[in-house]
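Engineer: After the sequence you'll find the predicted model.
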Amino acid sequence: MITIAKSQRLNKRLQVQNIVREIYLSDDIPCQLGVCKHCQNEGEQFEEQYIYLVDTEILESYIDLIEQSQIKNIIILQSQYNYFRKRSQQVINLIDSNFSKICYIYQDEFSKITQQDNKLINLAIWYNKHIKLIKSNQNVRLLTQNYDTFQLAEQNQLDVYTIQDYVKRYEQSEDLLDFLGMEIEIDQTQEYYPKHFSIEECVQKIKQGLLFEGRLCVDRNDIKLAKISVRQFNFDIRIVGLQDQNRSLNGDRVAVQLLPEQFWLDNNKVKEFNIQDEEDDDINETKDDSKLMEISSLQSLFKRIKENNLTPQGQVVGILQRTDKQYCGHVVNNLFYPADGRYNTFILLHPRLNLVQDKKILVQFTDWPSTSQYPLCKLKKVLGQAGDSYVEGNVILLEHQVEIREFSHQVIACLPLSGEKYNIPQDEINRRWDLRDILICSIDPIGCKDIDDALHCRFIDGYYEVGVHIADVSYFVKPDTAIDKEAAHRCTTVYLVDRRTDMLPKLLTENLCSLVSNVDRQAFSVIWKMDENANIIDVKFGKSIIRSCASLNYGQAQEMIDNQNDHTPLTQGIRFLNQLAKKLKQQRIDAGALTLASNQVSFTFDAETHNPTDVRMYKMYDTNSLVEEFMLLANVSVAEKILSRFPAISILRRHQQPKVKQIKELRELLNKIGYQFEYDTSKQLNDSLNLINRNNDPFFNKLVRMMTTRCMNEALYVCTADVDYTELHHYGLAADLYTHFTSPIRRYADVLVHRLLSAAIDLESLPSSMSNKIKMSRICDKMNMRHRYARFASRASSDYHTYLFFKNQKEQIQQAIITGITEKAVSVLLPRYGLEGFIDSVQNEDKISANIQGQNFRIFDYIKVKVEVELKNFHKKIHLQFVNEL
């Protein structure tokens, strides 16, 4: 039987799309009951007595309760699954990845049974009849919050419950009652905020040019200051004050109405907006702006804004889409305080508030009526005791959307059955280069367990043979398997100061894929033939078997190079690598590659308490550069190879020119104090940086490089289908083409690139899913988002451990350098700790000097400060006090 299915959806362009599909209806969709011999059941089947049908509202609002309940067997409609794919990753995880439950996705869209009005009722009736037919003792329970569905179920004598009734009757744990929340009485007579327009009204007014829409972005340091970006006209609308934000939250997609022009702001007097780099996810959205651009009133508005250098102010009049973010924080009485300072205080709806005091918890937004001063939320999960380092680390991960759940049994099932006893099959050895007789070693940070890469170098017939050998993760992570889908979801391993959260199970990351010494390992190798000046004569790519002879850290490798009495073949090979690496680096610098810097710090920990005992700027060795140069070279060589074979679907790494406003301001500052600073090309910029020095002050040049780094745009993954060839350039590396190939254990992009390279050299066919340009573009967008949040999480972890270090320190007097001057304060940086903060001052007329407690100081002068540090919303807040030594 064939039927026509019609549906509608609202896309990001605020257009209603009509979707028409031809569907074949079937009456033999499997039941998945373990005792059934009539249906063609596959995979895990229902063996427990009770099978549950759950309505969408319960799955959406009580997913945490479902996860922790005794409910084991759940039938999920395909239409429900499709609904949650874009709305709740937690529900999808329950379906796809939960160890303790069996979830069966019933293909309701293709079933004759579920074509009538109430799919759940019809399916429950069919299951009851089917159970009698197969003479099973199993029962179907229907859980619903819908009154009409409940009444209809009772009329059909179905076993039906609300979630509240079910928990009170069948669940033994009182803790589950906490997830039901509670009702509170709100004074309906007092309106704190204006009413919102309906979504339909907002859409209509946006199309008429009467309202503007965008994602609300709240200042990280001031919750009362927010904005939306009107990208089609290239200006921002400021929304000042909680009243004008009108119950919207950071990340919500909102409709904004402009205030009268007397409330608009002069751009020269607008406070700098503080957000995390590149955190606005509207950047890559495509808008249908052609009709808006034709509206004469908008053209006139845009002209006035630009000519008068104004920033319009507005107020939120409607919510188009709420952010699906969940919030970590702590509770005082019934008020929940989010860890992220961009969010308002919430009212926690919870029956046992005494049990969550002094705890870190995870909550979900439920509502914000106009009659409530604060938004309402309900408990999702108790994370643990506030102040516990492990719990605080989990908070950081959850706040940055990092997955912390265990890998599912479906993922684990993709691993070799022999586990740690796995041996490489002989037929696999036969089809690879056997490089086990070559002296190969790895060089990594101290304590590294997930070793992605190893190197070798030997002198043969007047030339150097140099090899980079990368863990062959794609051998174990096959396309479109459960482990591949999980890696595509996580995208990256996330490194905190005290732990890492892996993209792949530890059996792979620390064992089967890690290129540890004295064990045979599968690798993907790039081998060059070079002359003494590091010019490439030839390059080849292939799958290999290697046996690393040493797992070195950077310090050990450096000692081997420096030890003039060490003439072993391995040391000689490392010295060859070091010599060639320096020449490769010089070649890159001559081509215009940048040498930048950051204020990354390293920590020393107490062996017993695990508290940080020291923090200082990260130390670099020549061997850091050695490894970096050959990883860069491998990535460039692979990029050229895959693009030559797959010009439309390759995944590359693109880095655009610096942010115009920031780099221009830095040039003006440096010019004022006598330094030339040019940046038309990356070579000009690097040459300028090399000439900026001060006598007896080696840190000054590093500081200027750090300031330049902050002017850089973020490097992004791109699918070559989306970008012109001329725009694939990597500005920072001065490379025409660049990709990520060398870290597949911790980056999903590298796994995809391995598959592209394997197909490019005709070892394996390219997975069909990778031929889909739209899908590849979406994967790139997701990888960029995940990597961005991973970077933010690492930064927050460093901030937290810096706070722990200073928490019990005695008063510290430290040297600081002035890095910026504003009207009322100077910004300073402490070279030893990489810390930054502000000191009250009065700006002088020249804007490059300031008066601090009666003394004049210029930009980049050193001063003494007293340091105190506290943590606020995972961002270190530094209290600095000028120490007058006169």
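Structural biologist: Arrived safely. Numbering: from 1, shown residues only.
Engineer: wait, Q90 sits on I63?
Structural biologist: Yes - Q90 lies in contact with I63 (C-beta atoms under 8 Å); the separation is 5.3 Å. Glycine gets a C-beta too; all of them are placed from N, C-alpha and C.
Engineer: can you give me the strands in the stretch 501-650 of the chain?
Structural biologist: Using DSSP state E, counting those that start in this stretch, the strands of the stretch 501-650 of the chain run over 520-530, 536-547, 550-553, 601-605, 612-617.
Engineer: in its sheet, what does the last one sit against?
Structural biologist: Strand 612-617 has the following sheet partners, assigned by DSSP bridges: strand 601-605 (antiparallel).
Engineer: Can you list the buried residues in the strand it pairs with?
Structural biologist: V601, S602, F603, F605 (16 or more other C-beta atoms under 10 Å).
Engineer: if I look at the third one, how far off is A153?
Structural biologist: When you say that, I think you mean F603. 58 Å (C-beta to C-beta, to the nearest Å).
Engineer: Next, the contact list for the residue nearest the centre of the chain, please.
Structural biologist: When C-alpha atoms, centre = their mean is applied to the chain, the residue found nearest the centroid is R786 (2.3 Å). Listed by C-beta atoms under 8 Å, 6 or more residues apart in numbering, the contact set of R786 reads Q401, R490, C491, T492.
Engineer: Tell me the secondary structure at it.
Structural biologist: Classification of R786 by DSSP: H, G, I helix; E, B strand; the rest coil places it in helix.
Engineer: okay, it: pLDDT?
Structural biologist: R786 carries a pLDDT value of 95.
Engineer: For L737, grab the count of nearby residues.
Structural biologist: Counted with other C-beta atoms under 10 Å, the neighbours of L737 add up to 23.
Engineer: That one contacts V638, correct?
Structural biologist: No - between L737 and V638 there is no contact under C-beta under 8 Å: 9.3 Å.
Engineer: Touching, F476 and L512? I think so.
Structural biologist: Yes - at 6.5 Å, F476 and L512 qualify as touching, with contact defined as C-beta under 8 Å.
Engineer: Pull up the overlap in contacts between these two.
Structural biologist: P416.
Engineer: so who does I561 touch?
Structural biologist: Residues near I561 by C-beta under 8 Å, 6+ apart: T571, I574, R575, N578, D622, T623.
Engineer: still on that earlier bit, which among the buried residues of strand 601-605 gets closest to V723?
Structural biologist: Checking the buried residues of strand 601-605 against V723 by C-beta to C-beta gives V601 as the nearest, at 35.2 Å.
Engineer: Report the contact partners of the closest one.
Structural biologist: V615, R616, M617, Y618, S798, T802, Y833, G834.
Engineer: Among the residues you listed, list the two that are farthest apart in space.
Structural biologist: Once C-beta to C-beta is applied, the contacts of V601 give Y618 and T802 as the farthest pair, at 13.2 Å.
Engineer: What sits closest to Y81 if chain neighbours are left out?
Structural biologist: Excluding its sequence neighbours, the residue lying closest to Y81 (C-beta to C-beta, 6 or more residues apart in numbering) is I105, at 5.4 Å.
Engineer: Same question for L258.
Structural biologist: The shortest distance from L258 to any non-neighbouring residue, by C-beta to C-beta, 6+ apart, is to G314 (4.8 Å).
Engineer: thinking again about what came up before, need the overlap of contacts for Q90 and I63.
Structural biologist: By C-beta under 8 Å, 6+ apart, no residue touches both Q90 and I63.
Engineer: How is Q881 assigned, secondary-structure-wise?
Structural biologist: Classification of Q881 by three-state DSSP places it in strand.
Engineer: I'd say it and I863 touch.
Structural biologist: No - with contact defined as C-beta under 8 Å, Q881 does not reach I863; the gap is 10.9 Å.
Engineer: Settle it for me: which of those two has more neighbours?
Structural biologist: Neighbour count, other C-beta under 10 Å: between Q881 and I863, I863 has more, with 20 against 16.
Engineer: Give me the three-state assignment for that one.
Structural biologist: Classified using three-state DSSP, I863 is strand.
Engineer: Tell me what it is bridged to.
Structural biologist: Going by DSSP bridges, I863 forms beta bridges with A816.
Engineer: who's in contact with it?
Structural biologist: Q815, A816, I817, I818, V828, I839, I852, F857, F882, V883.
Engineer: ok, now how distant is it from Q855?
Structural biologist: 9 Å.
Engineer: again with V256
Structural biologist: Applying C-beta to C-beta, the value for V256 to Q855 is 46 Å.
Engineer: swap in A816?
Structural biologist: In terms of C-beta to C-beta, A816 sits 14 Å off from Q855.
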